[in-house]
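Trainee: could you work out the structure for the sequence below:
(one chain, ligands or ions: 1)
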Amino acid sequence: METPHYDHLTPQDYEKVYEPAEDTFLLLDAIEDNLEYLKSIQPGICVEIGSGSGLVITALSQQFPNAVCLSTDINQWACNTTKRTALRNQASVDPIRTNLLDNIRDKLVDVLLFNPPYVVTTDDELNHKERNFDSEKTDNNLIYSWAGGVDGRRVIDALIDKLDSILSPNGVLYLLVLKENNLSDIISKFACKQFIAVIFKERRIPGEHLFILKVIRF
Ligand SMILES: C[S@@+](CC[C@H](N)C(=O)[O-])C[C@H]1O[C@@H](n2cnc3c(N)ncnc32)[C@H](O)[C@@H]1O
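Mentor: The predicted structure is shown next:
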C-alpha cells in the first residue's frame, strides 16, 4: 500500500493542521497489515475521526474506491486539508466539521479510524470544560490535535461511550493509544460496552510507546 502524496502541504498548513508523524504512519501501517480482513468485511462506509491532513482516510479510500469515505474534524482547516489531500491523490473523501461523529446516523460505520489527541495533560491545558466545538477556537489552536487531558483520555473516553451508536454490526475500529493512556483500563472499558479490543500493532519511538487497538463487537 503506497503512502498517499502529501507534497502539496506547506509549512503554513502545518501551523494550523497536525503534520503527519509516527502515529499517523503507524495507523497507515495497521490498515496495510489488515487489508485482507478489511476486504473480507466489504466496507460500505468508512470514517476517520480527526483526519487532520487527511493522509489516512485518503489511503483507505484508495483501497476501497467503492466505499463512501467520510472524515470529521473539529478544525475546519483540517477538513479543508483533508479534501485537498484526497483530490491530490484522486481519492474521494467528504470531510465534515463536527465533534467525533455527531450528526451522523446511527450504527452505519463499517471501518472507523481514530488517531486522537492522546498526550497526557491537565484539563486546564486542554481547556476541556470550556471547549466549544462551534467556536473558532478549535480552528486556530493545534493544542486540540494532541492534548488529551487527564491520562490523555478525554476524547478517547468520549468515543468509547459513543461507539455502540457509531459502528455497524460488523464494524471495526482502529484506535491509536499511548502506553500512558492506561491500556488495560481502556480495554476493560471497551469490554463493559460489549466490545473486544486487542492490541493489533505497537511501536516504540523516542519518548512514546504507541499502540493500535483493533476493536469489534463481542
Ligand atoms: C493526533 S491528530 C491526528 C491527525 C491525523 N489523523 C493523523 O493521523 O495525522 C488528532 C486530530 O483530531 C482532531 N480532533 C481532536 N478532537 C476531536 C474531536 N472531538 N472530534 C473530531 N476531531 C477531533 C484534531 O483537530 C486533529 O486533527
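
Trainee: please count neighbours and contacts with C-alpha atoms only from this point.
Mentor: Will do.

Trainee: get me the contact residues on this protein for the ligand.
Mentor: Those residues of the chain that sit near the ligand, judged by Cα under 6 Å from any ligand atom, are 18-20, 24, 49-53, 72-75, 78, 98-100, 115-117, 144-146, 155.

Trainee: which members of those residues are classed as buried?
Mentor: Neighbour-count burial (16 or more other Cα atoms under 10 Å) is assigned, among the residues of the chain next to the ligand, to 18-19, 24, 49-53, 72-75, 78, 98-100, 115-117, 144-146, 155.

Trainee: quick one, what contacts residue 17?
Mentor: By Cα atoms under 8 Å, 6 or more residues apart in numbering, residue 17 lies in contact with 52-53, 75, 77-78, 81, 142, 145.

Trainee: circling back to that earlier point, so which of the buried ones among the residues of the chain next to the ligand belong to helices?
Mentor: Here DSSP state H is the test, and those give 24, 78, 144-146, 155 as lying in helices.

Trainee: reformat those residues as TSV; add pLDDT.
Mentor: Putting those into TSV (pLDDT from 0 to 100) gives the following:
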residue	pLDDT
24	98
78	97
144	89
145	93
146	92
155	96
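
Trainee: alpha carbons of the helix or strand bottoming out on mean pLDDT in the chain, as CSV, please.
Mentor: Within the chain, no helix or strand scores below helix 123-126, which has a mean of 76 by mean pLDDT, DSSP states H and E. Output in CSV follows, covering the C-alpha atoms of helix 123-126 (Å, rounded to 0.1, in the frame of the first residue of the first chain):
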residue,chain,number,x,y,z
ASP,A,123,-7.7,19.5,31.9
ASP,A,124,-6.7,23.2,32.2
GLU,A,125,-4.2,22.8,29.4
LEU,A,126,-6.9,21.2,27.3
